[in-house]
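Asks: What would the 3D arrangement of this be:
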Amino acid sequence: MPEAFLRERLEQRLEKGLLRSLKTYDNLVDLTSNDYLGLARRPLSFQEESRGSTGSRLLTGNSLYYEEVESQVAAYFKTESALIYSTGYAANLGLISAVCQGAVFFDEDIHASCHDGMKLAGADCYPFRHNDMDHLEGRLKRSDTERKFILVESIYSTNGDRAPLEDISALADAYGALLIVDEAHAGGVFGAGLAAHINTFARVIAFGKAFGVHGGAVIGSALLKEYLLNFSRSFIYSTAPSNHFYRSIESSLGMVEEERPKLLELMKHYDLEAPVKAVFVKDPIKASKALLEEGFFVRALLPPTVRKPCLRLCLHAFNTQEEIDRFWRILCEKDMLLPV
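Replies: Model (predicted):
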């Protein structure tokens with residue numbers, strides 16, 4: 001059977017309890033999606049003007065309107081320029097694969113799209129322990145590579161940890177490294193992001209989180225944008241998204257400030273620095289199923305997505321304190337939490 005190797009690998013994953021599948025859930029309390037500000041729930045107030053863009057933006061798929069939206073994105077994130085990609089994944093892939101020729105020093109908890117970008121770049125890659133500045137500096141000291149990059153997230157997507165961006169920026173300056181920050185889970189939640197005030201080579205924004213739509217952008221200098229137009233394969237060889245896609249991004253830029261205070265207040269009440277938190281329980285799969293029976297949608301994260309199995313709790317502007325309190329109460333009453 002020619003496809004036997006496919007079945008074999010799937011069965012191996014099933015035996016480990018790691019098999020993925022598509023499911024749908026309705027009428028549950030959402031504590032797991034990336035729709036932090038609830039904008040994905042809002043209906044669009046405009047009609048799609050065209051079904052498609054007819055080609056890549058470098059061929060027939062560009063328009064003055066698309067460039068205007070990019071200018072609005074750059075202005076919102078307080079930077080010189082922005083280049084929009086069809087997804088945040090494509091943005092990370094296109095940026096890192098195009099520019100990271102040299103040595104890349106990356107936090108071990110960095111997103112999968114960054115790992116894939118590094119593979120395509122063919123760079124010398126050196127992981128450092130999560131948020132460990134001593135380990136990062138030691139690696140930088142030992143490197144004699146002329147071109148160095150540091151790759152981090154401002155908020156890590158599974159555990160909600162913040163990167164010590166000021167310290168990382170200082171190390172980048174001290175060792176002549178270019179800093180790339182993935183702001184997927186910070187952009188919009190914290191306005192222009194957490195890295196807007198430090199010196200960065202590039203930042204990556206994902207519109208599928210707080211902005212409630214989809215797509216991504218690389219933001220930075222005008223020179224970087226020109227470089228990516230010429231060397232970023234995931235941009236060059238992709239059909240441009242439709243007019244509707246850009247109108248969705250534009251409309252969300254004007255909505256985030258309405259909902260941000262609600263989410264920030266909820267985070268403050270529970271003493272959280274980010275809208276996402278890893279909750280460590282005795283059996284994440286069992287805990288997720290128990291919460292589902294109580295009307296809560298909270299996903300279990302397992303290796304290889306994370307190093308340590310956990311529940312991923314996401315807060316949203318539309319969640320209530322009563323819902324969050326009930327979530328914790330269920331875990332406590334069923335004795336599912338691991339001791340701190």
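
Asks: mind checking how far the nearest residue to Glu137 once chain neighbours are set aside is from Gly193?
Replies: Spatial nearest neighbour of Glu137, excluding adjacent residues (Cβ to Cβ, 6 or more residues apart in numbering): Leu171 at 5.6 Å. Placement of C-beta: from N, CA and C, glycine included. Leu171 sits 20 Å away from Gly193, taking Cβ to Cβ, to the nearest Å as the criterion.

Asks: Those two: which is more packed in?
Replies: The neighbour comparison of Leu171 against Gly193 (other Cβ atoms under 10 Å) goes to Gly193, with 28 against 20.

Asks: check contacts around the residue lying closest to the more buried one once chain neighbours are set aside.
Replies: Here the nearest residue to Gly193 in space, its sequence neighbours aside, is Glu183; by Cβ to Cβ, 6+ apart that works out to 4.1 Å. For Glu183, the contact set (Cβ atoms under 8 Å, 6 or more residues apart in numbering) comprises 153-155, 193-195, 203-206.

Asks: and stretch 111-131, average pLDDT?
Replies: Summarised as a single mean, pLDDT over stretch 111-131 is 96.

Asks: again, but for stretch 143-161
Replies: In the prediction, stretch 143-161 has an average pLDDT of 95.

Asks: Return the set of buried residues in it.
Replies: 143, 145, 148-161 (16 or more other Cβ atoms under 10 Å).

Asks: about what we covered before: report the separation between the residue nearest to Glu137 and Phe105.
Replies: Counting by Cβ to Cβ, the gap from Leu171 to Phe105 is 9 Å.

Asks: ok, now Phe245?
Replies: 34 Å.

Asks: Comparing the two, which shows the higher neighbour count?
Replies: Set Phe245 next to Phe105 and count neighbours by other Cβ under 10 Å: Phe105 wins out with 26 against 20.

Asks: quick one: the residue nearest to Glu137 and Leu178 touch, right?
Replies: No: if you go by Cβ atoms under 8 Å, Leu171 and Leu178 don't touch, sitting 11.9 Å apart.

Asks: Now for these two: what residues contact both?
Replies: Listed as contacting both Leu171 and Leu178 by Cβ under 8 Å, 6+ apart are Ile150.

Asks: Test my guess that Val281 contacts Leu291.
Replies: No: Val281 lies out of contact with Leu291 (Cβ under 8 Å); the separation is 9.9 Å.

Asks: Give the residues shared as contacts by the two.
Replies: Among the neighbours of Val281, those also in contact with Leu291 (Cβ under 8 Å, 6+ apart) are 311, 331.

Asks: show me where this protein has helices.
Replies: Remark: helices assigned in the chain by DSSP state H are 4-15, 64-76, 88-99, 112-121, 133-142, 165-174, 222-231, 233-236, 243-253, 256-269, 284-293, 321-333.

Asks: if we look at the third one, which residues are touching it?
Replies: Translated: helix 88-99. By Cβ under 8 Å, 6+ apart, the surrounding residues in contact with helix 88-99 are 85, 104, 111, 113-114, 116-118, 120-121, 149, 151, 180, 182, 184, 201-202, 204-208, 215-218, 224, 227-228, 231-235, 238.

Asks: and if you look at the longest one?
Replies: The list of residues contacting helix 256-269 from outside it, by Cβ under 8 Å, 6+ apart, reads 36-39, 188-189, 191, 210-211, 273-275, 315-319, 321, 324.

Asks: try it again with 10 Å
Replies: Residues from elsewhere that reach helix 256-269 (Cβ atoms under 10 Å, 6 or more residues apart in numbering): 36-39, 42, 76, 160, 187-191, 210-212, 272-275, 277, 315-321, 323-325.

Asks: Tell me how far the residue nearest to Glu137 lies from Ala177.
Replies: Leu171 is 7 Å from Ala177, by Cβ to Cβ.

Asks: which neighbours do those two share?
Replies: In contact with both Leu171 and Ala177: 105, 136, 140, 150, using Cβ under 10 Å, 6+ apart.

Asks: Out of those residues, flag the one nearest to Cys310.
Replies: For the shared contacts of Leu171 and Ala177, the closest approach to Cys310 (Cβ to Cβ) belongs to Leu136, at 24.4 Å.

Asks: Next, the contact list for the nearest residue to the closest one once chain neighbours are set aside, please.
Replies: Take Leu136 and drop its neighbours on the chain: the residue closest to it by Cβ to Cβ, 6+ apart is Phe128, 4.3 Å away. For Phe128, the contacting residues are 105-108, 134-140, 150, 152, by Cβ under 10 Å, 6+ apart.

Asks: 6 Å instead?
Replies: 105, 135-136, 139 (Cβ atoms under 6 Å, 6 or more residues apart in numbering).

Asks: I'd like to know how far Trp19 sits from Arg9.
Replies: Actually, residue 19 is Leu. It isn't Trp. From Leu19 to Arg9 the distance is 10 Å (Cβ to Cβ).
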